[in-house]
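Colleague: one predicted model, sequence on top.
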Amino acid sequence: MPSDPTPHSAPPTAPARHRLADIARALGAEAVGDTTIEVTGAAEPRSAGPGHLALAMQPAYAEGLAEGHARAAVLWDGADWRALGLEGAILVARPRYAMAHLTRTLDPGPAIAPGIHPSAVIDPSATIGAGAAIGPFVVIGPGAQIGLRARIAAHVSIDADAVVGDDALLHAGVRIGARVRIGARFIAQPGAVVGADGFSFVTPQKSGAEEAREAVGQRGTVTAQSWVRIHSLGAVVIGEDVEIGANTTIDRGTIRDTEIGARCKLDNLVHVGHNVVLGRDCLLCGQVGIAGSARLGDRVVLGGQCGVNDNIFIGDDVVAGGASKIFTKVPAGRVILGNPAVKMETQIEINKALRRLPRLMQRLDPRRKSVSNSDETAPE
């Protein structure tokens, strides 16, 4: 525990003001015109006021500047900012990449007062790093370690012996299970759960599901059986600079730990099953589900609603289009799509063929009837 856990109330503050020159420096971009202009936030060109930085990073968006009241804007490289009626501008070469730095500069973050809120419940054996901010109704269990400058919002629970790294940000309602170990600069959106038990159950004899899987749909005698829990003795290990979305869940391993590599980004409603291993810099979009013991290499990208079968390996740099269902291992670098997932170019050809089927059947139908009539009238 810190030597002085007394919370400090944070008085309301006015929005921060940022000079155009300072924003450009943060973006690594060029500021032109009056670089002393101050803004308090960003806005779309049509709705921007005098205190906003208008975002018109493509010519199509610049038309809205005439309808708004912005004095300054972020524009594409080479834009004629004077002709657009601006007093100053920031010129960027890669707009979407510039957005990452711009939003980071302007984002004030959640309002979590410094210190420890009096309603927080912290076990005496827990360690709280200097500069941590812990909000209302937070519960921190025995032996837990909270890193330097961590920010923990209301109603977060951190179980026994868990480790949360420096500069972490846990939004409201996040749950961190026992023995989970998380690296620095971790971000978890509201309702995320790290370290719940894995979904592992077994029957005393071979179940119907096992038989069907082994025999490709065939089953023997059906026997009534009940499911027996396999407990989760492992935990979850998460590398540095990982972000997970709202209501995303990462299950603990059965014996060994579930692993999430450094710099992985998981969207909302992603589920990572027990014993899964994610490499570094993976990107998992909304509603992705990864079944137990699957392994993903580095820089794997899975579009929304992708599903990954258990116990398979996906190689480095694989990209899977949205709603793909991956049942077998995928070699490194492949771009895949479909259910079941195949090479994207193959799936496109499959889709073309499917669209042609109704027309093909119309063409075949008269021939089918002709053949059928010929059979009926053929001499015996």
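Modeller: Done, it's in. Residues are numbered from 1 along each chain as shown.
Colleague: neighbours around Val222, how many?
Modeller: 8 (other Cβ atoms under 10 Å). Every residue, glycine included, has its C-beta placed from N, CA and C.
Colleague: and if you look at Pro124?
Modeller: Here the count is done by other Cβ under 10 Å, and Pro124 has 6 residues near it.
Colleague: can you tell me how far it is from Gly195?
Modeller: Separation of Pro124 from Gly195 (Cβ to Cβ, to the nearest Å) stands at 22 Å.
Colleague: and if you look at Ala16?
Modeller: 36 Å.
Colleague: more neighbours, the two?
Modeller: Neighbour count, other Cβ under 10 Å: between Ala16 and Gly195, Gly195 has more, with 27 against 12.
Colleague: and the gap between Arg151 and Leu91?
Modeller: Per Cβ to Cβ, Arg151 is found 34 Å from Leu91.
Colleague: got the buried residues for stretch 131-141?
Modeller: Buried residues in stretch 131-141, defined by neighbour count with 16 or more other Cβ atoms under 10 Å: 132-136, 138, 140-141.
Colleague: which of those fall in strands?
Modeller: Within those, residues falling in strands by DSSP state E are 133-134, 140.
Colleague: what is the end-to-end distance of stretch 28-48?
Modeller: 23 Å (Cα to Cα, to the nearest Å).
Colleague: for the closest residue to Ser293 other than its chain neighbours, the count of nearby residues, please.
Modeller: The shortest distance from Ser293 to any non-neighbouring residue, by Cβ to Cβ, 6 or more residues apart in numbering, is to Asn275 (4.3 Å). Neighbours of Asn275 under the rule other Cβ under 10 Å: 25.
Colleague: residues in contact with Ala66?
Modeller: Gly85 (Cβ atoms under 8 Å, 6 or more residues apart in numbering).
Colleague: for Gln305, same thing?
Modeller: 286-288, 322-323.
Colleague: for it, give its distance to Gly220.
Modeller: Distance from Gln305 to Gly220, counting by Cβ to Cβ: 34 Å.
Colleague: and Ala60, by the same measure?
Modeller: Distance of Ala60 to Gly220, computed by Cβ to Cβ: 63 Å.
Colleague: same question for Arg179.
Modeller: From Arg179 over to Gly220 (counting by Cβ to Cβ), the distance is 41 Å.
Colleague: all helices for the stretch 1-150 of the chain, in order.
Modeller: Applying DSSP state H, counting those that start in this stretch to the stretch 1-150 of the chain gives helices spanning 20-27, 59-62, 95-106.
Colleague: buried sites along the last one?
Modeller: Looking back up the chat, that one is helix 95-106. 95, 98-99, 101-102, 105-106.
Colleague: of all those residues, which comes closest to Glu240?
Modeller: His101 (19.5 Å; Cβ to Cβ).
Colleague: so what pLDDT did the spatially closest residue to the closest one that is not a sequence neighbour get?
Modeller: Closest residue to His101 apart from its sequence neighbours, by Cβ to Cβ, 6+ apart: Leu27 at 4.7 Å. Confidence at Leu27, expressed as pLDDT, is 92.
Colleague: tell me how far Leu27 lies from Pro108.
Modeller: 18 Å.
Colleague: out of the two, which sits in the more crowded spot?
Modeller: Comparing Leu27 with Pro108 by other Cβ under 10 Å, the one with more neighbours is Leu27, at 21 against 9.
Colleague: got any ranges where this structure has weak pLDDT?
Modeller: 1-13, 367-380 (pLDDT under 70).
Colleague: could you list the domains of it?
Modeller: With domains defined by automatic domain parsing, the chain comprises 18-106, 192-197+232-380, 204-228.
Colleague: want to throw these into JSON lines with distance to His117?
Modeller: Output for the domains of the chain, formatted as JSON lines (distance: least, Cβ to Cβ, whole Å):
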{"stretch": "domain 18-106", "distance to His117": "26"}
{"stretch": "domain 192-197+232-380", "distance to His117": "21"}
{"stretch": "domain 204-228", "distance to His117": "42"}
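Colleague: all strands of the stretch 1-150 of the chain, in order?
Modeller: 18-19, 30-33, 38-39, 41-43, 52-56, 72-76, 88-92, 115-116, 121-122, 127-128, 133-134, 139-140, 145-146 (DSSP state E, counting those that start in this stretch).
Colleague: surely Ala98 and Thr105 touch.
Modeller: No. Using Cβ atoms under 8 Å, Ala98 is not in contact with Thr105; the gap is 10.5 Å.
Colleague: any shared contact partners between those two?
Modeller: Common contacts of Ala98 and Thr105 (Cβ under 8 Å, 6+ apart): Leu27.
Colleague: out of the domains of the chain, which gets nearest to Phe186?
Modeller: domain 192-197+232-380 (5.5 Å).
Colleague: I figured Ile230 hits Ser200, correct?
Modeller: Yes. With contact defined as Cβ under 8 Å, Ile230 counts as touching Ser200 (3.7 Å).
Colleague: which residues are in contact with each of the two?
Modeller: What both Ile230 and Ser200 touch, as defined by Cβ under 8 Å, 6+ apart, is the set Thr254.
Colleague: between the two, who's got more neighbours?
Modeller: Legend: neighbour count by other Cβ under 10 Å for Ile230 and Ser200, higher for Ser200 (18 against 15).
Colleague: list the contacts for Val39?
Modeller: Contacts of Val39 by Cβ under 8 Å, 6+ apart are 17-18, 20, 23, 51-53, 72.
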